[in-house]
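1. I'd like to go over a predicted model; first the sequence, then the structure.
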Amino acid sequence: QKQLVESGGGLVQPGGSLRLSCEASGFIMDSYSMGWFRQAPGKEREGVSYISSSSGRTHYADSVKGRFTISRDNAQNMVYLQMNSLKPEDTAIYFCAADSLDLATMIEDYYDYWGQGTQVTVSS
């Protein structure tokens with residue numbers, strides 16, 4: 001059974017940091033693009049970042065560029081999202097997703113597997 005499980009969410013003050021983790025099981029993720037998405041209350045889910053399989057190329061949404069860093073550890077079947085200088089508008093449920101075609105895209109429809117999400121709340 002192919003599964004993604006996120007962890008590392010929580011409550012943090014503005015300006016703080018969190019590191020989200022996503023563990024893949026049931027498949028070898030080294031041939032997959034991996035993405036992070038988020039959904040804030042009352043809003044549609046949006047792409048945050050992805051990292052490709054083949055080249056390790058990364059992409060970030062403008063809203064997080066310079067603050068968030070995506071990385072992967074294929075040996076551990078893990079992908080991470082380091083989030084620094086967090087803002088209240090970063091509050092959302094964060095989802096990890098896997099794209100078997102390694103398209104390196106922020107288009108949700110191309111992602112095959114999704115985690116259940118982890119809540120990130122930025123508030124003083």
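-> Right, received. Where do you want to start?
2. Now do the nearest residue to residue 81 once chain neighbours are set aside, the pLDDT please.
-> Of all residues not flanking residue 81 in the chain, residue 20 sits nearest, at 4.2 Å (CB to CB, 6 or more residues apart in numbering). All C-beta atoms are positioned from the backbone trio N, CA, C, and that covers glycine. Looking at residue 20, its pLDDT reads 98.
3. likewise residue 104?
-> On the pLDDT scale, residue 104 is placed at 89.
4. Help me confirm that it comes into contact with residue 34.
-> No - using CB atoms under 8 Å, residue 104 is not in contact with residue 34, being 9.9 Å away.
5. what's the overlap in contacts for these two?
-> By CB atoms under 8 Å, 6 or more residues apart in numbering, residue 104 and residue 34 have these common neighbours: residue 50.
6. Look at these two and report which has more neighbours.
-> Taking other CB atoms under 10 Å, residue 104 and residue 34 do not tie; residue 34 has more neighbours (30 against 20).
7. on that earlier part again, which residues touch the residue nearest to residue 81?
-> 6, 7, 8, 9, 36, 80, 81, 83, 94, 96, 118, 120.
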